[in-house]
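In: I would like to see how this sequence folds:
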Amino acid sequence: MRRLRRIKILATLGPKTLNPASIRQLIEAGVDVFRLNMSHGGREAIADRVKMIRAIETELDRPIGILADLQGPKLRVASFAGGSAKLEKGGGFTFDSDPAPGDVNRVHLPHPEILSSLKPGDRVILDDGKLSMIVQTATPKQATLRVEVGGVLSDRKGVSLPDTIIPVSAMTEKDRGDLDAALEAGVDWIAVSFVQRPDDMAEVRKVARGRALVMAKIEKPQAIARLEEIMEASDALMVARGDLGVEMPMEKVPGLQKQITRMARKLGKPVVVATQMLESMISSPVPTRAEVSDVATAVFEGADAVMLSAESAVGQYPIEAVAMMNRIASEVESDPFFRAIIDNQRTDHESTASDAISAAARAIADTLDLKAIVALTASGSTGLRVARERSQTPMIALTPSVDTARRLAVAWGVHAVTTEDFTDQDEMVNRACAIAVHEGFAKPGDRIMIVAGVPFGSQGATNMVRIAFVPTH
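Out: Below is the predicted model of the structure:
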C-alpha cells in the first residue's frame, strides 16, 4: 500500500463511516490518519473506535495514525422566552448574569469569565458570524452592546470573541476526561481546540507525558498573536480555517494559511490544512472547481496533510471525497511547476549537525538520482527532519516503534515501516536495501541513501549519511 503522493490525507470518522467496511475503503482510497471528533461519542466510544481502526490496520499491514480532537470550551448564549429574538442593526442589546429567559433586549450569558473580560470596543460575533455586535459598556455583571449586523438570535447559539483574551483553559472537565480516555485507548495525536496561549499546550503535554503527540489548532486571533510561542510548544499545527474565518476577516485567512505552513515547515513540525476543503461533497458526488483549487493550493504550499471533516463523517460520498482529494494531490505533485514552488519555499536551518545532515542528504539524493532516502528513526525526529527538506527522492522511515510509525503517518512524504533495531552498520545496510526493494522503492542494482544516528538507539542524534547499492543477488 505504498502511496505515490507525498501530502497526507486525514479523514474524520462519523455516523457514515464508523464501521470496519468503510474504514477499510477509506484507507484504500487514500486515508493516512483518522480524526475522532471528541464532540461526538465521547470517552465511552473511543476505545471501540480505536480497536476498529487497529484491526483494519493489522489486516492491511500499514501504520495508520489516529488523532483525537478535543472539543474545547463551547461559549454559548442561554435561551430565549420565545426560542429566539430578532435583533435590528443599530439597536442595543445586553448580555447579563440573570438566568431568566432572554428577549429582544437581553439574554443570559452563562460565562462569568466572558463578562469580566469584555471591554468597550470589543467585537462579539454570534452564530458563526451571522450576527455581530460591539461592546459599549462592560461590568462583571452585564455588558451593553450595539448591534452591527442584525438577524435572528436563537437559543444556545455560539459566541466568538476575536478581541478578548478569556482567562479560561483550553481544556474543560469534559476534555480532561476525554483526554484520559483517548490516551488510554492508544491514540497517536491529540488536537487541542481553543488555543489562545502556549500554556494551553503545556497543560495537555503534561497529561500526555509522551503517550501521544500534541497538535495545536490555530482557530483564534489570539493564537495568531502568539503563533511562534504556540508552535514551539506544539508537536504539530492545524490551520482550522472555518473558525479563523468567523473570528477574523475572511480575506486574511489564505495569507495566514501560507504563513503558518511556512513557519511550521521551518520548525520541522507537521502542518494540517483543515475545514471546508471539499464541503460541497457532503451532498454532491463532485466538488466545485473552487474547492479543487483550494486543495491544490495546500498541496503547492507544501502542507503535510489536508483534512476532511463533515465530508467523510456525515456526507453522502465519503469514499469519493477521499478519492477526489487523492487525485487532486497526485495531479498537483506531478505538475511541472510543483517542484520549483516547493524548492523555493525552503528556509534556513538551525545550526545543528542533525539539520545539516538532513539538508545534505536531500541535496545528495536529488543530485545522484537515488531511489530512496531511508531514515532510521526511533523517536521520529530524524524522519521529520528529512521530511522537512521536501526532497524529490522518496523517503522511507525505519523505526522499531509502531507508535513512531503511526505518528509519522501525518508527515509529508514519509513511508513508515516498523522493523527491529539494528546491531551494526552492515546489518543496517542490508536490511535497508531489502526493505526498499520489498516496499517497491528500489530494485537490484539501484542506489539508496541511509540517514541515521550512531550509536544506534540514541534519540535525536542524526549524524551519518551512507550511500548503498542494492545487491543484485
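
In: Now for this protein, the helix or strand with the poorest mean pLDDT.
Out: helix 353-368 (a mean of 88; mean pLDDT, DSSP states H and E).

In: Pull up the pairing partners for the helix or strand that that one is followed by, direction included.
Out: Scanning forward in sequence from helix 353-368 by DSSP states H and E, the next helix or strand is strand 373-376. According to DSSP bridges, strand 373-376 forms sheet pairs with strand 395-399 (parallel), strand 447-452 (parallel).

In: got a list of contacts for the last one?
Out: With C-beta atoms under 8 Å, 6 or more residues apart in numbering as the contact definition, strand 447-452 has outside contacts at 357-358, 361, 364-365, 368, 370-376, 382, 386, 393, 428-429, 432-433, 436, 441-442, 462-470. Every C-beta, even on glycine, is put in place using the N, C-alpha and C of the backbone.

In: give me that answer again for 6 Å
Out: Residues outside strand 447-452 that contact it (C-beta atoms under 6 Å, 6 or more residues apart in numbering) are 361, 365, 370-376, 432, 436, 442, 464-469.

In: Taking these, please make a ChimeraX selection of just the buried ones.
Out: Here is the ChimeraX selection string for the buried members of these, based on 16 or more other C-beta atoms under 10 Å:
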select :361,365,370,371,372,373,374,375,376,432,436,442,464,465,468
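
In: Assign residue 56 to helix, strand or coil.
Out: Three-state call for residue 56 (DSSP: H, G, I helix; E, B strand; the rest coil): helix.

In: doesn't residue 24 make contact with it?
Out: Yes - using C-beta atoms under 6 Å as the test, residue 56 is close enough to residue 24 to be in contact (5.0 Å).

In: who has more neighbours, the two?
Out: residue 56 (20 against 16; other C-beta atoms under 10 Å).

In: quick one: that one from residue 312, how far?
Out: 15 Å (C-beta to C-beta, to the nearest Å).

In: Centre of the chain to the helix or strand encompassing residue 49, how far?
Out: Here residue 49 sits within helix 42-60, counting by DSSP H and E. Averaging C-alpha positions (C-alpha atoms, centre = their mean, to the nearest Å) puts helix 42-60 20 Å from its chain's average.

In: helices and strands around it, which ones?
Out: helix 20-29, helix 173-185 (3 or more C-beta pairs under 6 Å, 6 or more residues apart in numbering; DSSP states H and E).

In: Just the CA atoms of it, as PDB, please.
Out: Extracted C-alpha coordinates of helix 42-60, given in PDB (Å, rounded to 0.1, in the frame of the first residue of the first chain):
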ATOM      1  CA  GLY A  42     -17.000  10.900  23.900                       C
ATOM      2  CA  ARG A  43     -14.900   8.800  26.100                       C
ATOM      3  CA  GLU A  44     -17.200   5.700  26.200                       C
ATOM      4  CA  ALA A  45     -16.900   5.100  22.400                       C
ATOM      5  CA  ILE A  46     -13.300   6.000  21.800                       C
ATOM      6  CA  ALA A  47     -11.700   2.600  22.800                       C
ATOM      7  CA  ASP A  48     -14.100   0.700  20.500                       C
ATOM      8  CA  ARG A  49     -13.300   3.100  17.600                       C
ATOM      9  CA  VAL A  50      -9.500   2.800  18.100                       C
ATOM     10  CA  LYS A  51      -9.800  -1.000  18.200                       C
ATOM     11  CA  MET A  52     -11.800  -1.000  15.000                       C
ATOM     12  CA  ILE A  53      -9.100   1.100  13.200                       C
ATOM     13  CA  ARG A  54      -6.300  -1.000  14.600                       C
ATOM     14  CA  ALA A  55      -7.900  -4.300  13.400                       C
ATOM     15  CA  ILE A  56      -8.100  -2.900   9.800                       C
ATOM     16  CA  GLU A  57      -4.500  -1.500  10.200                       C
ATOM     17  CA  THR A  58      -3.300  -5.000  11.000                       C
ATOM     18  CA  GLU A  59      -5.100  -6.600   8.100                       C
ATOM     19  CA  LEU A  60      -3.700  -4.100   5.600                       C
END
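
In: contacts for that helix?
Out: Outside helix 42-60, the residues within contact range by C-beta under 6 Å, 6+ apart are 20, 23-24, 34, 36, 64, 66, 177-178, 181-182, 185-186.

In: Please indicate which of the residues you listed are buried?
Out: Neighbour-count burial (16+ other C-beta under 10 Å) applied to the contacts of helix 42-60 gives 23-24, 34, 36, 64, 66, 178, 181-182, 185-186.

In: what's the closest of the residues you listed to residue 205?
Out: Taking C-beta to C-beta as the measure, residue 205 sits nearest to residue 182 out of the buried ones among the contacts of helix 42-60, at 14.0 Å.

In: Regarding the nearest residue to the closest one once chain neighbours are set aside, what is its secondary structure?
Out: Leaving aside its chain neighbours, residue 182 sits nearest to residue 68 (3.7 Å; criterion: C-beta to C-beta, 6 or more residues apart in numbering). Three-state call for residue 68 (three-state DSSP): strand.

In: In terms of helix, strand or coil, where does the closest residue in space to residue 472 that isn't next to it in sequence fall?
Out: Among residues not flanking residue 472 along the chain, residue 444 sits closest, at 4.3 Å (C-beta to C-beta, 6+ apart). Following three-state DSSP, residue 444 is assigned to coil.

In: Which pLDDT value does the model give residue 444?
Out: Looking at residue 444, its pLDDT stands at 95.

In: mean confidence for the helix holding residue 49?
Out: Helix 42-60 comes out at a mean pLDDT of 93.

In: what angle sits between that helix and helix 20-29?
Out: If you take axes from the mean of the first three to the mean of the last three C-alpha atoms, to 10 degrees, helix 42-60 sits at 60 degrees to helix 20-29.

In: Report the buried residues of helix 42-60.
Out: Within helix 42-60, the residues that qualify as buried are 43, 46, 49-50, 52-54, 56-57, counting by 16+ other C-beta under 10 Å.

In: Between the residues you listed, which sits nearest residue 144?
Out: Closest approach to residue 144 among the buried residues of helix 42-60 (C-beta to C-beta): residue 43, at 40.1 Å.

In: what's the distance between the closest one and residue 320?
Out: Where residue 320 is concerned, residue 43 sits at a distance of 32 Å (C-beta to C-beta).

In: Residue 37 now?
Out: For residue 37, the distance to residue 320 equals 21 Å [C-beta to C-beta].

In: Also residue 147?
Out: 42 Å.

In: Give the residue spans of this protein that score low on pLDDT.
Out: In the predicted model of the chain, residues 1, 42, 349-351, 457-460 satisfy pLDDT under 70.

In: now the strands for the stretch 251-400 of the chain?
Out: Using DSSP state E, counting those that start in this stretch, the strands of the stretch 251-400 of the chain run over residues 271-274, 305-308, 373-376, 395-399.

In: How about the stretch 1-150 of the chain?
Out: With strands called from DSSP E, counting those that start in this stretch, the stretch 1-150 of the chain shows them at 8-13, 33-37, 65-69, 84-87, 92-96, 106-108, 123-126, 131-138, 142-149.
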